[in-house]
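*Asks:* fold the following, please.
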Amino acid sequence: SPDLPETSGSCNVNIACPEGQPYFTLGESVVRITVYVGNLSGSGSGVLVNNTALDGKPYILTAEHNGLNFFTGAFATNDNLQNWEFEFNAHRPTCSNQQQPQNIISYTGCVLRMRSFDGGGNTGSDVALLEINDPSFQASTHRFAGWSRQNTAPASGYGIHHPSGDVKKISFFNGPAVPGVFSQQSTPLHWRLVWSATQSGHGVTEPGSSGSPIFDLSNDLVVGTLTGGAASCALRNAPDYYGMFWHQWDGNGSSSDRQLKPWLDPLNLDPQTLSGKNLSVDEFGLKAQRYFAYPNPSRSGGEVVLPKSVSSHWSVYDLQGRMLFQVEESNVLLAPQSSGTYIIKHRYENIQIPLIVQ
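*Replies:* Presented below is the predicted three-dimensional model:
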């Protein structure tokens, strides 16, 4: 059995444990990566992220250093990248370590869209964005994580990852993350944090966790990716460092091969945040395409409607993130608003689904 016994330290916490269960669905976006660089291989983590086109492109956010040959400094070649493997659903079904993962979905091959060109965090925020190019990829079967590019330290949060190539684990930090300097940086470009004990253990990180996301507990959005640190089951209070998403957005250079922005904001909407998304069936059983916006396009407002009567909460924002109004109805009217582009969040039993209406 490839995932028995455990390969990570015994202090780590399965995502199916009680403290991880509220984040189990969000964790479906986190992947285990088998990397190949030259003649070397290893393991890492990453996360499937949403983009403003909401089109299901399989972008994997991870750490640049996962693809670096530390003997030569060279990044994985295109031929190497065609052998990288991405595993979804590599988690145990219960908190116990005695059961194998079920329903693992695996894809092979990717192309590099951008990276930070900073030596894996030596001088920058250590990021790479990959696009899976396996023709069998089906966006409709996966959860896409949301993100925040606001330069705001999370007061608390959690990381979901694959330590030492093991099944999916979750770690929590209850104290605030603070700006930290990693390696040779002249300014803080990482979130520095210390992990906290929970009822099932004391989650940390290990080699293989690299590239995994941290989520802000207040909004469940990705705010960084793991570069490294000293945390382990033996050093549970040692700090870890996550490259800041806000800096990864456009702070590593001006060209598209150094920025997340051109790839995650193809519509050039310039949002501060973007919610996560399930492209297949939203969590209350309605297909995503069964939202209707009409008239569309419109010069004088419009209406977004669900074809089924459900108890719904709608929030309407402008592109600066300002909330304009909220309503508890099966539809939301935009007629009172001036001409422009609006972001609408639909909440049903704490599930948020973003819509962008022009």
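*Asks:* thought T34 was touching S41, still the case?
*Replies:* Yes: S41 sits in contact with T34 when judged by Cβ atoms under 8 Å, with a separation of 6.6 Å. Quick note: C-beta positions are derived from backbone N, CA and C, even for glycine.
*Asks:* ok, those two, which is more surrounded?
*Replies:* T34 (16 against 13; other Cβ atoms under 10 Å).
*Asks:* so the more buried one sits in a strand?
*Replies:* Yes: read with DSSP: H, G, I helix; E, B strand; the rest coil, T34 is one of the residues of a strand.
*Asks:* ok, it to S106 distance?
*Replies:* Per Cβ to Cβ, to the nearest Å, T34 is found 9 Å from S106.
*Asks:* who touches both of those two?
*Replies:* E85, E87 (Cβ atoms under 8 Å, 6 or more residues apart in numbering).
*Asks:* who's in contact with the residue nearest to Y158 when sequence neighbours are not counted?
*Replies:* Of all residues not flanking Y158 in the chain, F172 sits nearest, at 4.8 Å (Cβ to Cβ, 6 or more residues apart in numbering). Shown in contact with F172 (Cβ under 8 Å, 6+ apart): E19, S156, G157, Y158, W195, S196, T198, G203.
*Asks:* show me those that map onto strands.
*Replies:* G157, Y158 (DSSP state E).
*Asks:* number of nearby residues for R322?
*Replies:* Neighbours of R322 (other Cβ under 10 Å): 8.
*Asks:* can you give me phi and psi for it?
*Replies:* The phi/psi pair for R322 (degrees, to the nearest 10) reads phi -80, psi 130.
*Asks:* would you map the strands across the stretch 1-150 of the chain?
*Replies:* 30-37, 40-49, 59-62, 85-88, 105-108, 110-115, 128-132, 143-144, 147-148 (DSSP state E, counting those that start in this stretch).
*Asks:* a markdown table for those, including distance to Q99 and mean pLDDT?
*Replies:* What follows is those, written out as a markdown table (distance: least, Cβ to Cβ, whole Å; pLDDT from 0 to 100):
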| stretch | distance to Q99 | mean pLDDT |
| --- | --- | --- |
| strand 30-37 | 17 | 98 |
| strand 40-49 | 21 | 97 |
| strand 59-62 | 27 | 98 |
| strand 85-88 | 17 | 98 |
| strand 105-108 | 18 | 97 |
| strand 110-115 | 30 | 98 |
| strand 128-132 | 27 | 98 |
| strand 143-144 | 22 | 95 |
| strand 147-148 | 32 | 97 |
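*Asks:* how about JSON lines for the ones you listed, with distance to I214 added?
*Replies:* JSON lines is the format used below for these (distance: least, Cβ to Cβ, whole Å):
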{"stretch": "strand 30-37", "distance to I214": "11"}
{"stretch": "strand 40-49", "distance to I214": "10"}
{"stretch": "strand 59-62", "distance to I214": "12"}
{"stretch": "strand 85-88", "distance to I214": "19"}
{"stretch": "strand 105-108", "distance to I214": "24"}
{"stretch": "strand 110-115", "distance to I214": "19"}
{"stretch": "strand 128-132", "distance to I214": "17"}
{"stretch": "strand 143-144", "distance to I214": "17"}
{"stretch": "strand 147-148", "distance to I214": "11"}
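*Asks:* out of those, which gets nearest to N122?
*Replies:* strand 110-115 (13.1 Å; Cβ to Cβ).
*Asks:* number of nearby residues for the nearest residue to D265 once chain neighbours are set aside?
*Replies:* Setting aside the residues directly before and after it, D265 is nearest to T52 in space (Cβ to Cβ, 6+ apart), at 4.9 Å. Look at T52: counted by other Cβ under 10 Å, it has 17 neighbours.
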